[in-house]
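Participant: here is a sequence with its predicted model. Questions after.
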Amino acid sequence: MTAPAPRPGIMDIKPYIGGESQIEGVTRIIKLSSNEGALGPSPKAMAAYQAVASEMHRYPDGSAQALREAIAARYDLDAARIVCGAGSDELLGILCRAYAGPGDEVLYSQHGFLMYAIAAKACGATPVTAPETDLTADVDNLLKAVTPKTRIVFLANPNNPTGTYISSEEVRRLRAGLPPSVLLVIDAAYAEFVGRNDYSAGAELVEAGDNTVMCRTFSKMYALGGLRLGWAYCPEGIAGVLNRVRNPFNVGSPALAAGLAAFHDTAYAELCKAHNDHWLPWMLERVAALGLAVTPSVCNFVLIRFPKEAGRDAAAADKFLRSRGIIGRAMGGYGLPEALRITIGRDDENAAVVEGLAEFVKSWK
Ligand SMILES: *Cc1c(COP(=O)(O)O)cnc(C)c1O
């Protein structure tokens, strides 16, 4: 007798390992491993979450109407073409299942977000990567990697874990160079943090055709990662596909209520943005001043590269920081074993990171 076998591809998936949150023997933990909002959720989101507790026996609004309408009004989008998901991860997975399968290729850049490989393999498709330049997506390399089997191109813009972005002009050039039958998914999970005038999250490319989707999340700027809430802005046909394939009640009522309250609490979002605008350049400067290589992140995290010598490398840095209670994220899974990714935290946490790194570098002498 043989046990039931999963479909080809599934056992090739390296299970996603979330950021760690505990160190044995350490009580004061500084968790900077998952790019969660430094200041926590909006107090109004917490109140909205609590307010629905007595209604938890009711199914949620499966169409997420109030949230879709609020998002559409803010960004001047068509609410009928917004689809909400249990985190944007769910939407990335559904897009793969709906548009790719065995024999198809799913393309993304070299150090692109890990979910793309997982989603591709889960539907039996083949993940394909294109080399980056200066740890940044390279449009020419992506276009060169397109084959007749390519079905989907995922572009995290800006990208996690590198923190880098490409301009709206470059994204437009990517779209223009792809065959019209290839779905371009622009994953703009960190869009709310980006303050560059040549950046766009990609809604205008969704509007311009029938083959581009933009994904967004409430997990980063809105600090609701624990609730699982994201959304996609789609051409009409693709919204119709997502609404057929997703579970009818894929987003729970606490997530819908808290998400809507967080979205309306613009003062709190501005506070979070201002916090990042202050600490991101501070962190980039201080880390560079220690002689460590750091990418020019536009997100709420930094990617730090260490020398490839025993005692000075990323593994040693990780161990050193952990001895001080600081948990960053090792990057071997992203093909960047020389790097650590560290999220921007609260004031005292950021100071502890720089102090820890300074001590680590001093220990080399
Ligand atoms: C965090 C992240 C997401 C999605 O997170 P969800 O919590 O599933 O919404 C998607 N893309 C990138 C690049 C991310 O870093």
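Facilitator: Thanks, I have the structure now.
Participant: what about the chain, any weak spots by pLDDT?
Facilitator: Scanning the chain for pLDDT under 70 picks out 1.
Participant: near the ligand, which residues of it are found?
Facilitator: 87-89, 113, 156, 160, 187, 189, 217, 219-220, 225, 230 (Cβ under 6 Å from any ligand atom). Quick note: C-beta positions are derived from backbone N, CA and C, even for glycine.
Participant: filter those down to the ones in strands?
Facilitator: Among the residues of the chain next to the ligand, the ones falling in strands (DSSP state E) are A156, D187, T217, G230.
Participant: ok so, going back, now the two most distant members of the residues of the chain next to the ligand.
Facilitator: Farthest-apart pair in these is A156 and G225; separation 16.3 Å (Cβ to Cβ).
Participant: so between these two, which is more surrounded?
Facilitator: A156 (26 against 19; other Cβ atoms under 10 Å).
Participant: can you tell me which residues contact that one?
Facilitator: Y108, S109, G112, F113, A137, D187, A189 (Cβ atoms under 8 Å, 6 or more residues apart in numbering).
Participant: could the residues you listed go into JSON lines alongside distance to R28 and neighbour count?
Facilitator: Formatted as JSON lines, the contacts of A156 follow (distance: Cβ to Cβ, whole Å; neighbours: other Cβ atoms under 10 Å):
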{"residue": "Y108", "distance to R28": "37", "neighbour count": "26"}
{"residue": "S109", "distance to R28": "37", "neighbour count": "29"}
{"residue": "G112", "distance to R28": "34", "neighbour count": "24"}
{"residue": "F113", "distance to R28": "30", "neighbour count": "23"}
{"residue": "A137", "distance to R28": "37", "neighbour count": "27"}
{"residue": "D187", "distance to R28": "34", "neighbour count": "31"}
{"residue": "A189", "distance to R28": "29", "neighbour count": "26"}
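Participant: what's near enough to touch the residue of the stretch 1-150 of the chain found nearest the ligand?
Facilitator: When distances are taken as Cβ to the nearest ligand atom, the stretch 1-150 of the chain reaches nearest to the ligand at G87, 2.7 Å away. With contact set as Cβ under 8 Å, 6+ apart, G87 has these partners: T217, S219, G225, R228, L229, G230.
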